[in-house]
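Chemist: Quick one: sequence plus predicted model below, questions after.
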Amino acid sequence: MSNHHDVIVIGSGAGGGTLVHRLAPSGRRILLLERGGWLAREPENWQAHDVFVDNRYVSPDTWYDARDRPFQPQIHYFVGGATKLYGAALYRLRAEDFGELRHQDGISPAWPIPYDELEPYYTEAEQLYEVHGNRGEDPTEPFASAPYPFPAVSHEPRIQQLSDDLERAGHHPFHAPCGVRLVEDDPPRSPCVRCATCDGFPCLVHAKADAEVLAVRPALEHDNVTLLTGAEVVRLETNPAGTAVTGVVVERDGTRETFTADLVVLACGAANTAKLLLASANDTHPTGLANRSDQVGRNYMFHNSQAVLALSLEPNPTVFQKTLGLNDFYFATRDIDFPLGNIQMVGKSSAQMYRGEKPLETRLAPERTLEQVARHAVDFWLSTEDLPRAENRVTLRSDGRIRLSYAPTNEVPKRRLLEQLKGLLGPLGMHHDHLIPRHAYLKNDIPVAGVAHQAGTCRFGDDPATSVLDRDCRAHQLDNLYVADASIFPSIGAVNPALTVMANALRVADRLLDRLGAQQARPEALGAR
Ligand SMILES: Cc1cc2nc3c(=O)[nH]c(=O)nc-3n(C[C@H](O)[C@H](O)[C@H](O)COP(=O)(O)OP(=O)(O)OC[C@H]3O[C@@H](n4cnc5c(N)ncnc54)[C@H](O)[C@@H]3O)c2cc1C
Ligand code: SF4
């Protein structure tokens, strides 16, 4: 293999995988570098103990917090990146999230592009990732130029009851947008078997709409696309003037090799993209590539999330629970001064997941067995927007490892969102007094280790003094360097980030195709199955 390519893409997750899928039909020579391997299909994919207690698919890595305490981040180095384990709740940001929004703790800054510019790419991302949903139910949803490509995933009876109860209480529950390849009216032909081990698990039957299955594998059917796994990029080299990347240094099987390309795209996830830029410091970029304004690594965000369990008076036999969302507290209203966030369901919890969770053991067992708790559990996920702060940042230690300095924002709205849910429990057929925090979904008692929704660190914007990338997501200071992952977010909103990463990756891919003079590759036979 010649070491020169038209485009090198580093990282094969939501950003990198989607971008390569778009570039592949152009015929240009594309090299995709991924530090992880293929996630094995094995029975353990669906074993709660292996996944949640033994952390079988959490990749080994050690990061450090601001006080230099080591921790294991909840990170997934695989082809497909974090999407291999994600819950596939594929939301658009609200149109208002692209403007400036006032929050309890300050301003959520505007994006340099309006919602309308990303809208066509959201539609294409929904088609590529086969999103199921139902427009018109969620009053906060933004304009969409097409219906969801697939019908909403139906609620099971207990969740339908929850939806009805919420409506009766004056709320606007909606069918959550889901990336599971479920064909409800033709079960024999459905790739998805609607199981209880989806959110936070890999999909054993490859029916989850993840970046490996729907982006990387189809891209590799094009001869012009090459994937190297186990290929960790450790450094980017530049020309003497520091205006272009001239070498991508890879460690693979214990050896170092340098690849070159006309265009280089970083998509390693927010923390690792910042790490690579900082680690590539040289004479012309002494504090790290693209970092003359000291912005690389700053404004790290990861959602102020809480997973809680309510106890239903009736048993909750739901299998696939992640079908309902509620955005009635997303924006400020007459009664609520500031935005609180999004409420959605998470995967149904099981007794096996609770082992070692102190709140459950001490507050509920042995009054109830963990099996009884699981039988009645209704599991919610609450997300409050985390605001970008310059001091919340990724830096490198002298040994090159990541140091993540982070203090949460919007703690009061986070508490108020929980109180809103608590106030609803009675009308929703749940015990009033039990809303138990769940650590299994956050994987770790150390909040900073829950990096699933990591974003920021290389935000895009028009002013090189306050951003790393221009509105095309090209580095202000390096002509051929782009970023196409969650790093680019100037603000994160309060809905799950992956669809926005995917949509923006499609947008960036079109800029690359323009530069390469390649015909824009329209999506091929999207949604076909
Ligand atoms: C358990 C879990 C549940 C989630 N649920 C949802 C959900 O329901 N909805 C939602 O919208 N989002 C969800 N997310 C978040 C979502 O998966 C991420 O927002 C999204 O994948 C981010 O995309 P990315 O391209 O920035 O990073 P990733 O998808 O993580 O991709 C980064 C890739 O870069 C590779 N890489 C890193 N460093 C290097 C290097 N130096 N050299 C080569 N390769 C490198 C990594 O191995 C990885 O493959 C979830 C995440 C987790 C972990
Ligand atoms: S619910 Fe469907 S997509 Fe999710 S893990 Fe089960 S089979 Fe796979």
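Modeler: Everything's here; your move. Numbering: from 1, shown residues only. Ligands and ions are numbered 1, 2, ... in the order given.
Chemist: tell me the contacts of the residue lying closest to Tyr91 once chain neighbours are set aside?
Modeler: Counting by CB to CB, 6 or more residues apart in numbering, Val495 is the residue found nearest to Tyr91 once chain neighbours are left out, at 3.8 Å. The C-beta positions use only the backbone N, C-alpha and C, and glycine is treated the same way. Residues near Val495 by CB atoms under 8 Å, 6 or more residues apart in numbering: 89, 91-94, 327, 342, 383.
Chemist: Repeat that for Ala95.
Modeler: Counted by CB under 8 Å, 6+ apart, Ala95 has contacts 114-115, 142-143.
Chemist: one more time with 6 Å, if that's ok
Modeler: 115, 142 (CB atoms under 6 Å, 6 or more residues apart in numbering).
Chemist: now it: how far from ligand 1?
Modeler: Separation of Ala95 from ligand 1 (CB to the nearest ligand atom, to the nearest Å): 18 Å.
Chemist: Give me the contacts around the longest strand along the chain.
Modeler: Ranked by residue count, the top strand of the chain under DSSP state E comes out as strand 255-266. Strand 255-266 is touched from outside by 3-10, 245, 247-250, 273, 480-484, 512, with contacts defined as CB under 6 Å, 6+ apart.
Chemist: cool, stretch 107-121 as well?
Modeler: With CB under 6 Å, 6+ apart, stretch 107-121 has contacts from 95, 98-101, 142, 385, 387, 460-462, 471, 490-491, 503, 506-507.
Chemist: Which positions in stretch 64-83 come out as buried?
Modeler: Buried residues in stretch 64-83, defined by neighbour count with 16 or more other CB atoms under 10 Å: 64-65, 71-83.
Chemist: what's the spacing between it and its chain's center?
Modeler: 14 Å (CA atoms, centre = their mean, to the nearest Å).
Chemist: picking up where we left off before, buried ones among the contacts of strand 255-266?
Modeler: Here, 16+ other CB under 10 Å leaves 5-10, 245, 247-250, 273, 480-484, 512 buried among the contacts of strand 255-266.
Chemist: and ligand 1, which of these reach it?
Modeler: Under the cut-off given by CB under 6 Å from any ligand atom, ligand 1 has Ile10 from the buried ones among the contacts of strand 255-266 close to it.
Chemist: coming back round to it: please identify the pairing partners of the longest strand of the chain and their relative orientation?
Modeler: When sheet partners are counted by DSSP bridges, strand 255-266 sits next to strand 4-10 (parallel), strand 245-252 (antiparallel), strand 481-483 (parallel).
Chemist: Of the ones you listed, give the one that comes closest to Glu130.
Modeler: Proximity to Glu130 (CB to CB) singles out strand 4-10 among the strands paired with strand 255-266, at 22.3 Å.
Chemist: which residues are contacting the very next helix or strand once past that closest one?
Modeler: Helices and strands here follow DSSP states H and E; after strand 4-10, the next one along the chain is helix 14-23. For helix 14-23, the surrounding residues in contact (CB under 6 Å, 6+ apart) are 9, 30, 32, 83, 211, 215-216, 219, 267, 484-485, 498, 501-502, 505-506, 509.
Chemist: How about His4, nearest residue that isn't a chain neighbour?
Modeler: Thr260 (4.9 Å).
Chemist: re earlier: just put the strands paired with strand 255-266 in JSON lines and tack on mean pLDDT.
Modeler: Below are the strands paired with strand 255-266 laid out as JSON lines (pLDDT from 0 to 100):
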{"stretch": "strand 4-10", "mean pLDDT": "97"}
{"stretch": "strand 245-252", "mean pLDDT": "98"}
{"stretch": "strand 481-483", "mean pLDDT": "98"}
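Chemist: Any idea which of the ones you listed gets closest to His132?
Modeler: strand 4-10 (28.1 Å).
Chemist: so the closest one versus helix 14-23, what angle?
Modeler: Relative orientation of strand 4-10 versus helix 14-23 (axes from the mean of the first three to the mean of the last three CA atoms, to 10 degrees): 150 degrees.
Chemist: what comes into contact with strand 4-10?
Modeler: By CB under 6 Å, 6+ apart, strand 4-10 touches 16, 19-20, 28-33, 233, 248, 259-266, 268.
Chemist: what about stretch 324-341, near ligand 1?
Modeler: No - Stretch 324-341 does not reach ligand 1 (CB under 6 Å from any ligand atom); its nearest approach is 11.0 Å.
Chemist: Next, the contact list for Pro173, please.
Modeler: Counting by CB under 6 Å, 6+ apart, Pro173 has contacts 163, 166, 324, 326.
Chemist: Of those, which belong to helices?
Modeler: Assigned to helices by DSSP state H, the following of those qualify: 163, 166.
Chemist: now the contacts of Pro173 as JSON lines including pLDDT and neighbour count?
Modeler: Listed next are those as JSON lines, based on pLDDT from 0 to 100; neighbours: other CB atoms under 10 Å:
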{"residue": "Ser163", "pLDDT": "97", "neighbour count": "20"}
{"residue": "Leu166", "pLDDT": "96", "neighbour count": "20"}
{"residue": "Leu324", "pLDDT": "98", "neighbour count": "20"}
{"residue": "Leu326", "pLDDT": "98", "neighbour count": "25"}
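Chemist: about what we covered before: among the contacts of Val495, which one has the most neighbours?
Modeler: In terms of neighbour count, Asn342 stands highest of the contacts of Val495 at 29 neighbours, by other CB atoms under 10 Å.
Chemist: what are the bridge partners for it, then?
Modeler: Ser383.
Chemist: Can you tell me how far it is from ligand 2?
Modeler: Remark: distance between Asn342 and ligand 2 (CB to the nearest ligand atom) = 21 Å.
Chemist: Make residue 1 into 13 and carry on from there
Modeler: Sure, I'll start numbering at 13, so the last one becomes Asn354.
Chemist: Now do the same contact list for that residue.
Modeler: By CB under 6 Å, 6+ apart, Asn354 lies in contact with 339, 342, 395, 506-507.
Chemist: what's the most distant pair in those?
Modeler: Spatial extent of these (CB to CB) is set by the pair Asn339 and Ser395 at 10.5 Å.
Chemist: Skip the chain neighbours and tell me the closest residue to Val225.
Modeler: Closest residue to Val225 apart from its sequence neighbours, by CB to CB, 6+ apart: His218 at 5.0 Å.
Chemist: Over to Arg180?
Modeler: Using CB to CB, 6+ apart, the closest residue to Arg180 is Pro439 (7.2 Å).
Chemist: Distance of that neighbour relative to Pro329?
Modeler: According to CB to CB, to the nearest Å, Pro439 and Pro329 sit 21 Å apart.
Chemist: just Gly27 next, same as before
Modeler: 37 Å.
Chemist: mind checking pLDDT for the nearest residue to Leu440 once chain neighbours are set aside?
Modeler: With sequence-adjacent residues excluded and distances taken as CB to CB, 6+ apart, Leu440 is closest to Asp177, at 4.8 Å. Per-residue confidence (pLDDT) for Asp177: 95.
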